[in-house]
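> next come a sequence and a model predicted from it.
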Amino acid sequence: MAILLNIQSSPRGADSLSRILSQEFVSEWKQNHGDGTVVLRDLAETQLPFISAPWIGGIFLPAEQRSTAQQDAIKVSDELIAELFAADHILIGTPMYNFTVPANLKAWIDMVVRPKVTHSGPPERRGLVTGKRCTIIIASGGVYDEGLPAAASDYESGYLKRILGFIGITEVEVVMAGGTAAAAFGATTMEELAGQFRPAVLAAAQ
Ligand SMILES: Cc1cc2nc3c(=O)[nH]c(=O)nc-3n(C[C@H](O)[C@H](O)[C@H](O)COP(=O)(O)O)c2cc1C
(Lines give C-alpha, C1' and ligand atoms only; values in the text may rest on other atoms or scores of the structure.)
Protein backbone atom coordinates (compact mmCIF):
# COMPACT_ATOMS: atom_id res chain seq x y z
CA MET A 1 0.00 0.00 0.00
CA ALA A 2 1.52 3.33 -1.08
CA ILE A 3 1.94 6.12 1.46
CA LEU A 4 1.99 9.82 0.62
CA LEU A 5 3.49 12.12 3.26
CA ASN A 6 1.86 15.52 2.74
CA ILE A 7 3.92 18.30 4.34
CA GLN A 8 2.30 21.74 4.30
CA SER A 9 3.80 24.96 5.61
CA SER A 10 1.71 27.93 4.48
CA PRO A 11 -0.08 29.63 7.38
CA ARG A 12 -2.77 30.69 4.91
CA GLY A 13 -5.89 28.65 4.24
CA ALA A 14 -8.11 28.98 1.19
CA ASP A 15 -5.97 31.80 -0.24
CA SER A 16 -2.78 29.77 -0.24
CA LEU A 17 -1.65 28.77 -3.72
CA SER A 18 0.70 26.09 -2.40
CA ARG A 19 -2.22 24.56 -0.47
CA ILE A 20 -4.66 24.83 -3.41
CA LEU A 21 -2.19 23.05 -5.72
CA SER A 22 -1.18 20.54 -3.04
CA GLN A 23 -4.86 19.63 -2.56
CA GLU A 24 -5.17 18.99 -6.29
CA PHE A 25 -2.02 16.86 -6.16
CA VAL A 26 -3.43 14.83 -3.25
CA SER A 27 -6.78 14.24 -5.02
CA GLU A 28 -5.00 13.07 -8.17
CA TRP A 29 -2.57 10.91 -6.19
CA LYS A 30 -5.49 9.24 -4.36
CA GLN A 31 -7.19 8.48 -7.69
CA ASN A 32 -3.99 6.88 -8.92
CA HIS A 33 -3.36 4.91 -5.71
CA GLY A 34 -6.78 3.56 -4.79
CA ASP A 35 -5.61 1.83 -1.63
CA GLY A 36 -3.01 4.47 -0.74
CA THR A 37 -2.77 6.36 2.54
CA VAL A 38 -2.14 10.09 2.92
CA VAL A 39 -0.37 11.24 6.10
CA LEU A 40 -0.68 14.98 6.71
CA ARG A 41 2.07 16.86 8.54
CA ASP A 42 0.78 20.43 8.76
CA LEU A 43 3.66 22.60 9.96
CA ALA A 44 1.37 25.62 10.35
CA GLU A 45 -0.78 23.76 12.91
CA THR A 46 1.93 22.79 15.37
CA GLN A 47 5.16 24.49 16.37
CA LEU A 48 8.16 22.26 15.96
CA PRO A 49 11.04 22.84 18.38
CA PHE A 50 14.35 24.26 17.19
CA ILE A 51 17.59 22.36 17.63
CA SER A 52 18.69 22.58 21.26
CA ALA A 53 21.75 21.63 23.31
CA PRO A 54 20.09 18.40 24.60
CA TRP A 55 19.18 17.49 21.00
CA ILE A 56 22.76 17.97 19.81
CA GLY A 57 24.23 16.15 22.82
CA GLY A 58 21.73 13.32 22.62
CA ILE A 59 21.81 12.36 18.95
CA PHE A 60 25.35 11.00 19.19
CA LEU A 61 24.54 8.78 22.20
CA PRO A 62 22.91 5.35 22.12
CA ALA A 63 19.22 5.84 23.01
CA GLU A 64 19.58 4.05 26.38
CA GLN A 65 22.34 6.45 27.49
CA ARG A 66 20.36 9.63 26.83
CA SER A 67 19.25 11.85 29.71
CA THR A 68 15.54 12.58 30.12
CA ALA A 69 16.04 16.06 28.59
CA GLN A 70 17.86 14.51 25.62
CA GLN A 71 15.15 11.89 25.13
CA ASP A 72 12.48 14.60 25.23
CA ALA A 73 14.36 16.74 22.70
CA ILE A 74 14.84 13.86 20.26
CA LYS A 75 11.33 12.39 20.49
CA VAL A 76 9.77 14.66 17.86
CA SER A 77 12.76 14.17 15.57
CA ASP A 78 12.28 10.38 15.80
CA GLU A 79 8.57 10.78 15.03
CA LEU A 80 9.16 12.97 11.94
CA ILE A 81 11.91 10.67 10.67
CA ALA A 82 9.65 7.61 11.07
CA GLU A 83 7.03 9.38 8.91
CA LEU A 84 9.67 10.05 6.29
CA PHE A 85 10.96 6.47 6.15
CA ALA A 86 7.40 5.10 5.96
CA ALA A 87 6.48 7.26 2.94
CA ASP A 88 6.81 6.29 -0.72
CA HIS A 89 6.12 9.78 -2.03
CA ILE A 90 6.67 13.05 -0.17
CA LEU A 91 4.78 16.19 -1.10
CA ILE A 92 6.07 19.51 0.20
CA GLY A 93 3.75 22.48 -0.32
CA THR A 94 5.45 25.69 0.73
CA PRO A 95 5.56 29.44 0.25
CA MET A 96 8.74 31.31 -0.57
CA TYR A 97 9.54 33.70 2.28
CA ASN A 98 12.43 36.12 1.95
CA PHE A 99 13.79 34.15 -1.00
CA THR A 100 13.92 30.83 0.85
CA VAL A 101 11.97 28.31 2.98
CA PRO A 102 9.62 29.47 5.77
CA ALA A 103 10.99 28.98 9.30
CA ASN A 104 8.52 26.17 10.05
CA LEU A 105 9.82 24.13 7.10
CA LYS A 106 13.43 24.81 8.13
CA ALA A 107 12.53 23.55 11.63
CA TRP A 108 11.21 20.32 10.04
CA ILE A 109 14.42 19.96 8.01
CA ASP A 110 16.52 20.47 11.14
CA MET A 111 14.61 17.67 12.88
CA VAL A 112 14.89 15.11 10.05
CA VAL A 113 18.50 15.62 8.92
CA ARG A 114 20.26 13.40 11.49
CA PRO A 115 23.67 11.76 11.40
CA LYS A 116 23.58 7.96 11.48
CA VAL A 117 19.79 7.99 11.04
CA THR A 118 18.99 9.83 7.79
CA HIS A 119 22.56 10.28 6.58
CA SER A 120 25.60 8.15 7.34
CA GLY A 121 28.04 10.94 8.16
CA PRO A 122 31.73 10.41 7.45
CA PRO A 123 33.46 8.58 5.94
CA GLU A 124 30.77 7.35 3.47
CA ARG A 125 28.59 10.49 3.57
CA ARG A 126 25.60 8.64 2.16
CA GLY A 127 21.95 9.59 2.36
CA LEU A 128 19.94 6.84 4.05
CA VAL A 129 16.37 7.80 3.06
CA THR A 130 16.43 6.09 -0.32
CA GLY A 131 13.79 4.85 -2.77
CA LYS A 132 11.41 7.82 -2.36
CA ARG A 133 9.90 10.27 -4.78
CA CYS A 134 9.38 13.87 -3.76
CA THR A 135 7.28 16.65 -5.26
CA ILE A 136 7.78 20.22 -4.07
CA ILE A 137 5.27 22.97 -4.83
CA ILE A 138 6.67 26.45 -4.14
CA ALA A 139 4.26 29.41 -4.25
CA SER A 140 5.85 32.82 -4.56
CA GLY A 141 4.81 36.40 -5.19
CA GLY A 142 7.45 36.83 -7.89
CA VAL A 143 8.39 34.57 -10.78
CA TYR A 144 11.73 32.74 -10.50
CA ASP A 145 11.65 30.44 -13.52
CA GLU A 146 14.98 29.32 -14.96
CA GLY A 147 16.41 31.83 -17.38
CA LEU A 148 14.80 34.85 -15.72
CA PRO A 149 17.10 37.32 -13.88
CA ALA A 150 15.06 36.74 -10.70
CA ALA A 151 16.03 33.04 -10.72
CA ALA A 152 19.34 34.03 -9.10
CA SER A 153 17.37 35.06 -5.99
CA ASP A 154 15.65 31.69 -5.62
CA TYR A 155 17.40 30.27 -2.57
CA GLU A 156 14.59 27.81 -1.97
CA SER A 157 14.29 25.24 -4.76
CA GLY A 158 18.03 24.54 -5.01
CA TYR A 159 18.38 24.40 -1.22
CA LEU A 160 15.49 21.95 -0.86
CA LYS A 161 16.88 19.69 -3.59
CA ARG A 162 20.34 19.82 -2.00
CA ILE A 163 19.24 19.02 1.54
CA LEU A 164 16.82 16.28 0.44
CA GLY A 165 19.55 14.78 -1.74
CA PHE A 166 21.89 14.90 1.24
CA ILE A 167 19.61 12.48 3.11
CA GLY A 168 19.11 10.27 0.05
CA ILE A 169 15.96 11.70 -1.54
CA THR A 170 17.20 12.35 -5.05
CA GLU A 171 14.10 11.85 -7.19
CA VAL A 172 12.74 15.35 -6.66
CA GLU A 173 10.45 17.38 -8.89
CA VAL A 174 9.83 21.07 -8.21
CA VAL A 175 6.81 23.05 -9.41
CA MET A 176 7.64 26.77 -9.20
CA ALA A 177 4.19 28.34 -8.78
CA GLY A 178 5.24 31.97 -9.08
CA GLY A 179 3.26 35.13 -9.62
CA THR A 180 0.83 35.41 -6.70
CA ALA A 181 1.74 39.10 -6.32
CA ALA A 182 -0.22 39.70 -9.53
CA ALA A 183 -3.26 38.10 -7.86
CA ALA A 184 -2.76 40.23 -4.76
CA PHE A 185 -2.82 43.34 -7.01
CA GLY A 186 -5.91 42.14 -8.89
CA ALA A 187 -4.14 41.54 -12.23
CA THR A 188 -5.08 37.84 -12.13
CA THR A 189 -6.86 35.42 -9.77
CA MET A 190 -5.65 32.49 -7.71
CA GLU A 191 -7.96 30.28 -9.82
CA GLU A 192 -6.25 31.44 -13.03
CA LEU A 193 -2.84 30.90 -11.47
CA ALA A 194 -3.81 27.45 -10.21
CA GLY A 195 -4.93 26.57 -13.74
CA GLN A 196 -1.53 27.59 -15.07
CA PHE A 197 0.30 25.15 -12.78
CA ARG A 198 -2.33 22.37 -12.67
CA PRO A 199 -0.89 20.28 -15.54
CA ALA A 200 2.55 20.08 -13.92
CA VAL A 201 1.04 19.28 -10.51
CA LEU A 202 -1.25 16.53 -11.85
CA ALA A 203 1.58 15.03 -13.91
CA ALA A 204 3.74 14.83 -10.76
CA ALA A 205 0.99 12.87 -8.98
CA GLN A 206 1.10 9.93 -11.44
C1 LIG B 1 6.82 37.18 5.10
C2 LIG B 1 6.69 37.04 3.62
C3 LIG B 1 7.83 37.01 2.83
C4 LIG B 1 7.73 36.84 1.46
N5 LIG B 1 8.87 36.78 0.72
C6 LIG B 1 8.77 36.60 -0.61
C7 LIG B 1 9.95 36.52 -1.44
O8 LIG B 1 11.07 36.58 -0.98
N9 LIG B 1 9.78 36.37 -2.76
C10 LIG B 1 8.54 36.28 -3.34
O11 LIG B 1 8.45 36.13 -4.56
N12 LIG B 1 7.42 36.33 -2.59
C13 LIG B 1 7.51 36.48 -1.26
N14 LIG B 1 6.39 36.51 -0.49
C15 LIG B 1 5.08 36.26 -1.12
C16 LIG B 1 4.67 34.80 -0.96
O17 LIG B 1 5.68 33.93 -1.45
C18 LIG B 1 3.38 34.56 -1.70
O19 LIG B 1 2.35 35.29 -1.06
C20 LIG B 1 2.99 33.09 -1.80
O21 LIG B 1 1.83 32.99 -2.57
C22 LIG B 1 2.78 32.49 -0.42
O23 LIG B 1 2.42 31.12 -0.52
P24 LIG B 1 0.92 30.64 -0.25
O25 LIG B 1 0.08 31.31 -1.33
O26 LIG B 1 0.95 29.18 -0.39
O27 LIG B 1 0.54 31.10 1.13
C28 LIG B 1 6.47 36.71 0.88
C29 LIG B 1 5.32 36.73 1.67
C30 LIG B 1 5.43 36.90 3.02
C31 LIG B 1 4.17 36.90 3.88
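Sure, I can see it. Numbers count the residues shown, from 1 in each chain.
> out of the helices and strands in the protein, which is least certain?
helix 180-184 (a mean of 95; mean pLDDT, DSSP states H and E).
> and that helix, which residues are buried?
T180, A182, A183 (16 or more other C-beta atoms under 10 Å). Every residue, glycine included, has its C-beta placed from N, CA and C.
> what of stretch 176-192?
Burial within stretch 176-192, assessed by neighbour count using 16+ other C-beta under 10 Å, is assigned to M176, A177, G178, G179, T180, A182, A183, M190.
> start from the N-terminal end of the protein and give the helices.
Secondary structure of the chain (DSSP state H): helices at 17-32, 53-59, 68-86, 103-112, 157-166, 180-184, 190-204.
> show me what the second one is packed up against.
Right, the one you point to is helix 53-59. Counting by 3 or more C-beta pairs under 8 Å, 6 or more residues apart in numbering; DSSP states H and E, the packing neighbours recorded for helix 53-59 are helix 68-86.
> could you list which of the buried residues of helix 180-184 also contact the ligand?
When contact is defined as C-beta under 6 Å from any ligand atom, the buried residues of helix 180-184 meet the ligand at T180.
> flag every residue of the chain that's near the ligand.
So the chain meets the ligand at 10, 12, 16-19, 95-99, 139-142, 180 (C-beta under 6 Å from any ligand atom).
> in a markdown table, list the helices of the chain along with distance to P123.
Below are the helices of the chain laid out as a markdown table (distance: least, C-beta to C-beta, whole Å):
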| stretch | distance to P123 |
| --- | --- |
| helix 17-32 | 38 |
| helix 53-59 | 19 |
| helix 68-86 | 22 |
| helix 103-112 | 22 |
| helix 157-166 | 16 |
| helix 180-184 | 45 |
| helix 190-204 | 35 |
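> between the ones you listed, which gets nearest to Q47?
helix 103-112 (7.6 Å; C-beta to C-beta).
> looking at the closest one now, give me its mean pLDDT.
Averaging pLDDT along helix 103-112 yields 98.
> what residues does that helix touch?
7, 9, 41, 43-44, 47-51, 76-77, 80-81, 84, 92, 94, 97, 101, 118, 163, 167 (C-beta atoms under 8 Å, 6 or more residues apart in numbering).
> quick one: buried ones out of those residues?
Neighbour counting with 16+ other C-beta under 10 Å marks 7, 9, 41, 43-44, 48, 76-77, 80-81, 84, 92, 94, 97, 101, 118, 163, 167 as buried within the contacts of helix 103-112.
> re the thing from before, pick the one among the buried residues of stretch 176-192 closest to the ligand.
T180 (3.4 Å; C-beta to the nearest ligand atom).
> and that closest one, how far from G93?
13 Å (C-beta to C-beta, to the nearest Å).
> hang on, A86 packs against I3?
Yes. Counting by C-beta atoms under 8 Å, I3 is a contact partner of A86 at 5.6 Å.
> shared neighbours, those two?
V39.
> of these two, who's got more company?
Neighbours per residue, other C-beta atoms under 10 Å: of A86 and I3, the larger number sits with I3, 15 against 11.
> contact partners for the more buried one?
Here I3 is in contact with G36, T37, V38, V39, A86, A87, D88, H89 (criterion: C-beta under 8 Å, 6+ apart).
> show me which of these is closest to the ligand.
Looking across these and measuring by C-beta to the nearest ligand atom, the closest to the ligand is V38, at 18.6 Å.
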